[in-house]
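Participant: Structure for this input, please:
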Amino acid sequence: MNNLHIVIAEVLMDIEKELRDLQLWDDEMISEEALSSEQPFAVDTMTFPQWLQFIFLPRMYFLLSQQKSLPTNCGIAPMAEHYFSSIKLHSVPLIGLLKKIDELLVKSRDFR
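Facilitator: Got it, this is the predicted structure:
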């Protein structure tokens, strides 16, 4: 694993911690039906924090652990800004971490 992958893994762990701190982490697994959504960010079956927990984080951890190619353009931060704009929650740190992931994934293009 190169240094960029290590930094990405650390930010992913920080995202998980922030979700837990904001009490947005689900203790129970989401349904198979919800996981099978084909919509972007699974907007039809889960909330944005659930998408982060059940789809994005596990997929990124898997790609890193298997040293597979990472996505080079996610655009997660704009979705987070949209989702959290109507919720009274101190989401600025989480959005900052998601912006950092977006930037790091763009950088990962250089490591291909």
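
Participant: going forward, measure contacts between C-alpha atoms and count neighbours the same way
Facilitator: Will do.

Participant: Just the helices from this protein, written as ranges.
Facilitator: In the chain, the helices defined using DSSP state H lie at 3-21, 32-35, 48-51, 57-65, 76-84, 92-107.

Participant: Indicate which one of the ones you listed is closest to F41.
Facilitator: Across these, F41 has its closest neighbour in helix 48-51 (6.1 Å, Cα to Cα).

Participant: What distance do you get for S108 to E32?
Facilitator: According to Cα to Cα, to the nearest Å, S108 stands 31 Å off from E32.

Participant: if you count what's nearby, which of these two comes out ahead?
Facilitator: Looking at S108 and E32 with other Cα atoms under 10 Å, you find the greater number of neighbours at S108, namely 17 against 8.

Participant: Would you confirm that the more buried one contacts C74?
Facilitator: No - using Cα atoms under 8 Å, S108 is not in contact with C74; the gap is 11.7 Å.
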